[in-house]
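J.: Below are the sequence and a predicted model for it; my questions follow.
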Amino acid sequence: MKVVITGAAGFLGSHLVERFIRAGYDVIGIDNLITGSSQNVAHIESSNFKFLEHNVIESIPVEEKVDGILHFASPASPIDFDKIPLEIMDVNSVGTRNCLEFARKRGIRFFMASTSEVYGDPLVHPQNEEYFGNVNPRGIRSVYDESKRFSEAMIYAYKRFYDVDVRVVRIFNTYGPRMRPDDGRVIPTFIRQAIQEKPITVFGDGKQTRSFCYVDDLIEGIFRLYHSDYSNPVNIGNPIEYTILELVQELEEVFGKSLQLDFKPLPQNDPLRRKPDITKAGDLLKWKPEIPLKEGLRKVVKWFKKTEVEY
Ligand code: UDP
């Protein structure tokens with residue numbers, strides 16, 4: 001069995017490559033390295049893995065027979081929304097379409113990494129898959145939110161019109177090794193600041209919530225969804241909700257010291273609450289997250305220190 005994974009050198013993509021290889025698959029990974037790093041896949045045995053440095057908005061440069069394509073190419077950090085907005089919109093529109101066409105022509109499975117961002121700043125809590133969301137179509141986050149929503153619209157058009165075999169995961173906040181220390185997302189940022197003994201930049205009053213899933217848990221859910229026969233979107237994430245200030249407290253326990261805070265303005269349209277309803281994932285995939293936040297944070301801190309990532 002062989003699959004194509006776009007975004008293979010990214011944080012999630014590289015963990016997914018490993019999961020498929022562990023299950024006996026061969027993997028062709030594609031990445032243009034705009035936010036990914038070839039270091040993330042440098043350790044993977046070349047007998048099972050082929051890496052192509054390429055932008056999927058141009059084409060999917062694969063001739064050989066494969067059984068599926070998983071589209072994980074997309075910058076996903078809010079700091080990228082300002083820096084590379086058009087690249088984000090391209091990869092989730094033209095890029096998604098190229099992957100769908102590839103799947104349609106070959107009659108193979110297509111899997112999309114969608115996001116909890118499709119729910120925007122949600123008015124329904126926790127968010128289940130039936131909720132349509134509350135997204136500002138022209139705010140700074142819209143380049144990501146709306147392009148992922150566009151991807152979903154196109155995926156289900158391909159399903160209805162061409163009967164393409166599709167799977168869609170809506171990924172909630174995830175953390176783990178291989179996040180870039182300068183990624184901008186809250187967990188790598190706070191860990192980097194704590195290691196460097198700098199103040200922790202809390203946005204707003206720190207009472208906004210997120211629900212953080214350790215990467216291994218998320219990847220297991222994705223792997224099961226890929227192999228399921230369910231074609232509608234499925235939330236995968238950890239339903240235990242923390243305020244940003246509670247996250248700081250967890251880190252204080254992990255580091256064994258109190259951390260100094262530096263309050264900054266809350267960015268535009270930053271969702272105030274987010275927590276997945278994972279009933280569907282439980283029923284369909286017999287999946288639930290296993291790794292508690294503190295244990296996951298310890299692993300990431302260890303990884304940041306061990307890899308001596310340059311700050
Ligand atoms: N956040 C923060 N300080 C930072 C980075 C993020 O307080 O240095 C907050 C941010 O305002 C948001 C939450 O942490 O409410 C999660 O942000 P992240 O960028 O990780 O992802 P998001 O869920 O917003 O896409």
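T.: That came through, no problem.

J.: how close does the residue lying closest to residue 142 once chain neighbours are set aside get to the ligand?
T.: Setting aside the residues directly before and after it, residue 142 is nearest to residue 136 in space (CB to CB, 6 or more residues apart in numbering), at 6.0 Å. (C-beta placed from N, C-alpha, C; glycine too.) Here the distance between residue 136 and the ligand works out to 14 Å (CB to the nearest ligand atom, to the nearest Å).

J.: Residue 231 too?
T.: From residue 231 across to the ligand, the span is 26 Å (CB to the nearest ligand atom).

J.: Which pLDDT value goes with that residue?
T.: The predicted local distance difference test score for residue 231 is 98.

J.: Next, it: secondary structure please.
T.: Counting by DSSP: H, G, I helix; E, B strand; the rest coil, the backbone at residue 231 sits in coil.

J.: Would you mind measuring from the closest residue to it other than its chain neighbours to residue 42?
T.: Spatially, and ignoring its direct neighbours in sequence, residue 231 is nearest to residue 166 (5.3 Å; CB to CB, 6+ apart). With distances defined as CB to CB, to the nearest Å, the gap from residue 166 to residue 42 amounts to 32 Å.

J.: Compare neighbour counts for these two and give me the winner.
T.: More crowded of residue 166 and residue 42, by other CB atoms under 10 Å: residue 166, with 19 against 10.

J.: Am I right that the more buried one is in contact with residue 156?
T.: Yes - with contact defined as CB atoms under 8 Å, residue 166 counts as touching residue 156 (7.4 Å).

J.: Show me which residues of the stretch 201-311 of the chain are close to the ligand?
T.: If contacts are counted using CB under 6 Å from any ligand atom, the residues of the stretch 201-311 of the chain sitting beside the ligand are 201, 202, 203, 208, 210, 244, 266, 267, 270.

J.: which stretches of the stretch 101-250 of the chain form strands?
T.: 109-115, 166-171, 174-175, 200-203, 209-211, 213-214, 233-236, 241-243 (DSSP state E, counting those that start in this stretch).

J.: closest one to residue 149 among those strands?
T.: Within the strands of the stretch 101-250 of the chain, the stretch nearest residue 149 is strand 109-115; the backing value is 8.4 Å (CB to CB).
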